[in-house]
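*Asks:* Sequence plus the predicted model coming up.
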Amino acid sequence: MNSCMIPEGYHPSLNLYDTQVAIAMTKRVFEDTLSGALQLRRVSAPLLLDASTGLNDDLNGVERPVEFDIKASDTRAQVVHSLAKWKRQALHRYHFTVGTGIVTDMNAIRRDEDLDNLHSIYVDQWDWEKVIAPRERTVETLRDAVEKIVDAICSTEKTMRAMFPKLALLPETDPHVTFVTTQELEDLYPDLSSKERENAFVKEHPTTFLMQIGAPLRSGKPHDGRAPDYDDWSLNGDLLFWNHTLEQAYEVSSMGIRVDAETLDRQLTAAGCDERRDLPFHKALLAGELPQTMGGGIGQSRLCMLLLGSAHIGEVQSSIWDGDTLRICAEAGVTLL
């Protein structure tokens with residue numbers, strides 16, 4: 001299904017050459033700023049994971065991974081969806097200590113993604129993860145990390161506007177974060193869909209962290225799906241900004257404090273995924289062998305879109321698009337990379 005739409009009168013802020021320079025600079029500046037703020041070390045990450053380990057993520061619980069056999073070994077490999085569980089295992093293997101963590105480039109193929117202005121089958125993001133003490137499994141810890149990420153985004157934005165004066169004509173990112181839970185959002189807008197609630201709230205609160213995603217609300221339905229084996233559904237959330245170009249709420253990051261043994265046990269049962277208890281990662285976590293962590297993913301192309309005022313994610317990343325998307329963008333004078 002395609003829902004590509006280019007706003008009437010839209011023109012890119014930068015030409016193609018400057019866009020490429022700006023993309024590279026945004027990624028470099030933001031990663032350096034983020035790493036300093038959260039005490040992260042850059043590491044290499046896999047593109048493929050052994051399907052039998054349980055390390056790959058199924059995101060909302062239903063997406064199919066790209067999977068194939070490997071001729072040289074009796075193994076089925078999967079292209080990563082995200083690295084949430086791999087990062088936690090890596091922190092254990094690399095002997096990171098409390099307060100320190102890792103950041104890496106995560107490149108994924110999400111074959112079941114519905115294509116639109118914000119979604120591509122190719123996903124590029126910074127995946128980060130850090131070790132926390134058990135006593136830090138709190139909302140306060142989560143909020144502190146969110147505010148540091150927003151500060152890093154705003155700092156990067158200032159650098160980009162200084163380097164590319166045309167970007168100064170775009171609305172600035174609001175540095176003040178409004179925190180709200182999914183239940184509070186449902187209570188505010190009981191007759192709206194989840195996406196409509198986000199749009200209504202974020203339009204009034206341009207930088208919002210929407211907390212507690214995955215568990216059913218009082219209506220009986222969750223705000224959105226979330227796999228049961230990485231985020232603690234009571235200590236996670238999405239970082240949303242108001243996208244002035246597209247006039248809608250816009251997710252740049254999904255993050256959270258990860259499940260401990262007790263939370264994993266409860267969420268696996270709630271999600272009907274008890275069979276995962278026998279996978280190596282889940283066994284280790286249930287046995288208390290892995291560190292307590294928090295982490296998330298921050299969309300690289302999403303951030304570039306936000307800071308460059310782009311109308312379509314294809315303006316800042318190369319991917320494969322359907323014919324309707326190519327036609328709509330061409331008719332609007334928008335060049336996809």
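*Replies:* Yes, it's here.

*Asks:* quick one: the strands in the stretch 201-337 of the chain?
*Replies:* Remark: strands assigned in the stretch 201-337 of the chain by DSSP state E, counting those that start in this stretch are 207-211, 231-243, 248-258, 293-299.

*Asks:* which helix of this protein spans the most residues?
*Replies:* Secondary structure assigned by DSSP state H gives helix 139-163 as the longest helix of the chain.

*Asks:* Give me the buried stretch members for it, please.
*Replies:* For helix 139-163, burial by neighbour count (16 or more other CB atoms under 10 Å) applies to 141-142, 145-147, 149-150, 152-157, 159-161. Heads up, the C-betas are built off the backbone N, CA and C, glycines and all.

*Asks:* Stretch 213-226 now?
*Replies:* Buried residues in stretch 213-226 (16+ other CB under 10 Å): 213, 214, 215, 217, 222, 223, 224, 226.

*Asks:* pLDDT check: weakest of those?
*Replies:* The member of the buried residues of stretch 213-226 with the lowest pLDDT is residue 226, at 86.

*Asks:* Test my guess that that one contacts residue 210.
*Replies:* No. Counting by CB atoms under 8 Å, no contact exists between residue 226 and residue 210, whose distance comes to 11.8 Å.

*Asks:* picking up where we left off before, which pair in the buried residues of stretch 213-226 spans the largest distance?
*Replies:* Pairwise distances across the buried residues of stretch 213-226 peak at 12.8 Å for 217 and 226 (criterion: CB to CB).

*Asks:* buried ones in stretch 326-337?
*Replies:* Buried-residue list, stretch 326-337, by 16+ other CB under 10 Å: 328, 329, 332, 334, 336.

*Asks:* wait, which of those residues is closest to residue 43?
*Replies:* Closest to residue 43, out of all of the buried residues of stretch 326-337 and judged by CB to CB, is residue 336, at 31.4 Å.

*Asks:* The closest residue in space to that closest one that isn't next to it in sequence: neighbour count?
*Replies:* Once flanking residues are discounted, residue 336 sits nearest to residue 314: 3.6 Å by CB to CB, 6 or more residues apart in numbering. Residues lying near residue 314 (other CB atoms under 10 Å) number 25.

*Asks:* shouldn't residue 100 be in contact with residue 43?
*Replies:* No. Counting by CB under 8 Å, residue 100 stays clear of residue 43, with 11.7 Å between them.

*Asks:* between those two, which one's more packed in?
*Replies:* residue 43 (17 against 14).

*Asks:* quick one, what contacts the more buried one?
*Replies:* For residue 43, the contacting residues are 90, 94, 102, 103, 104, by CB atoms under 8 Å, 6 or more residues apart in numbering.

*Asks:* farthest-separated two in these?
*Replies:* Pairwise distances across the contacts of residue 43 peak at 12.9 Å for 94 and 103 (criterion: CB to CB).

*Asks:* Quick one, grab the pLDDT at residue 81.
*Replies:* pLDDT, residue 81: 82.

*Asks:* Tell me the secondary structure at the spatially closest residue to it that is not a sequence neighbour.
*Replies:* Leaving aside its chain neighbours, residue 81 sits nearest to residue 57 (4.7 Å; criterion: CB to CB, 6+ apart). Of the three states, residue 57 takes coil under DSSP: H, G, I helix; E, B strand; the rest coil.

*Asks:* Please, which helix or strand holds residue 36?
*Replies:* helix 16-38 (DSSP states H and E).

*Asks:* what's next to that helix, contact-wise?
*Replies:* 12, 14, 40-42, 101, 103, 126, 128, 130, 145, 148-149, 151-153, 155-156, 159-160, 163-164, 167, 298, 300, 303-304, 307-308, 315-316, 335.

*Asks:* Only C-alpha atoms, please: export stretch 186-195 in PDB.
*Replies:* Taking C-alpha atoms only, stretch 186-195 is exported to PDB below (Å, rounded to 0.1, in the frame of the first residue of the first chain):
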ATOM      1  CA  GLU A 186      -6.300   7.600  25.000                       C
ATOM      2  CA  ASP A 187      -8.100   9.400  27.900                       C
ATOM      3  CA  LEU A 188      -7.600  12.700  26.100                       C
ATOM      4  CA  TYR A 189      -8.800  11.500  22.700                       C
ATOM      5  CA  PRO A 190     -10.900   8.400  23.200                       C
ATOM      6  CA  ASP A 191     -12.600   8.600  19.800                       C
ATOM      7  CA  LEU A 192      -9.400   9.000  17.800                       C
ATOM      8  CA  SER A 193      -7.100   6.300  16.400                       C
ATOM      9  CA  SER A 194      -3.600   5.900  17.800                       C
ATOM     10  CA  LYS A 195      -2.000   7.900  15.000                       C
END
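
*Asks:* If you count neighbours, what's buried in that stretch?
*Replies:* By 16+ other CB under 10 Å, the buried positions in stretch 186-195 come out as 186, 189, 194.

*Asks:* Sitting in strands, which of these do you find?
*Replies:* Using DSSP state E, no member of the buried residues of stretch 186-195 falls within strands.

*Asks:* so of those, which ones are in helices?
*Replies:* 186, 194.
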